[in-house]
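In: here you go, sequence then predicted model.
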Amino acid sequence: MPKLWEEHAYGWKEIPAIHHYVPEHVKGDGAVVIFPGGGYRMRAPHEGEGYARFLNNAGLHAFVVDYRVAPDYFPLPLADARRAVRYVRHIAPSLGIDPGKIAVMGSSAGGHLAALVSTFRQELPFENADEIDQISPYPDIQILCYPVISMTKPYMHQGSRDSLLGEQALDLAPTVDPVLLADNQTPPAFIWHTSSDTGVNVINSYSYATRLRECSVPVEMHIYPMGPHGVGLCTGNPDLSYVARWSEELLRFLTYRKFLNA
């Protein structure tokens, strides 16, 4: 389990880690970097390892990131996400992965982090640790599962906002809102959500998809009529069999984007 940084160069108490899940049979030269959800307070295993195992079964390398959460506030989670993309791109050639086929994937607050690493363009103050930091931190596609997007009213998820930004929430919220940050350099997106999600309003996904369309960024989006928040792969619940189709659609998307072999 490699650390994303090898030394506590900045006096950090915790150095985030990255877990590599290796497919038994590789069926494509893409890789997916996964940020589990959890409101920026914790990291949900079913949205981390669960997704990684699913992608392994499809033939893809997957990496789950233990990014920092509250009381470690912004920009530390974003620094971890950017470092993870750089790290995977750095080791990609040794694994037969195309450095130009690095996806990010996140659910709920992890979806916000995946969208943020796809849109935030400013340099962070501690991004000159070594040669890895000279590599691009921007993914090639983004996969967002019932994502938190908005950091401002009326559709923001206040818990995620406050856990990410702490006492600076009101001042910094616009600077970490992917709707406001997206531009024509933002990578293509796969988004799914449910209309009945009471944890994170589906309008978060609609708003981001609308902004990406305004920027001429390709988007595939699936909105399912029913289903609660945080369902992940929907395993073990026959009532969610209709929603569970999102994972099949994702594999089609990854094949279309040439991350997976046809």
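Out: Right, received. Where do you want to start?
In: all strands for the stretch 1-150 of the chain, in order.
Out: 17-21, 31-35, 61-66, 102-107, 141-145 (DSSP state E, counting those that start in this stretch).
In: deepest-packed of the ones you listed, please.
Out: Most buried of the strands of the stretch 1-150 of the chain, by mean neighbour count (mean count of other CB atoms under 10 Å): strand 102-107, with a mean of 30. In short, each C-beta sits where N, CA and C put it, glycine included.
In: quick check: mean pLDDT of it?
Out: When pLDDT is averaged over strand 102-107, the result is 98.
In: that one vs strand 31-35, what angle?
Out: 30 degrees (axes from the mean of the first three to the mean of the last three CA atoms, to 10 degrees).
In: helix, strand, or coil at Lys258?
Out: In three-state terms, and counting by DSSP: H, G, I helix; E, B strand; the rest coil, Lys258 is coil.
In: show me the contacts for it.
Out: Lys258 makes contact with Gly28, Gly30, Lys101, according to CB atoms under 8 Å, 6 or more residues apart in numbering.
In: just send those residues back as CSV, with distance to Glu248 and neighbour count too.
Out: Output for the contacts of Lys258, formatted as CSV (distance: CB to CB, whole Å; neighbours: other CB atoms under 10 Å):
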residue, distance to Glu248, neighbour count
Gly28, 16, 23
Gly30, 17, 25
Lys101, 20, 22
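In: would you turn the residues you listed into TSV with distance to His20?
Out: Converted to TSV, the contacts of Lys258 look like this (distance: CB to CB, whole Å):
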residue	distance to His20
Gly28	16
Gly30	14
Lys101	16
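In: redo the strands of the stretch 1-150 of the chain as JSON lines? Include distance to Val176.
Out: Formatted as JSON lines, these follow (distance: least, CB to CB, whole Å):
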{"stretch": "strand 17-21", "distance to Val176": "22"}
{"stretch": "strand 31-35", "distance to Val176": "14"}
{"stretch": "strand 61-66", "distance to Val176": "18"}
{"stretch": "strand 102-107", "distance to Val176": "14"}
{"stretch": "strand 141-145", "distance to Val176": "15"}
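In: quick one: closest of the ones you listed to Cys234.
Out: Nearest of these to Cys234, taken as CB to CB: strand 141-145 at 10.8 Å.
In: just checking, what packs against the helix or strand just after the closest one?
Out: Where DSSP states H and E defines the elements, the next helix or strand beyond strand 141-145 is helix 158-165. For helix 158-165, the elements it packs on are helix 109-119, helix 169-172, judged by 3 or more CB pairs under 8 Å, 6 or more residues apart in numbering; DSSP states H and E.
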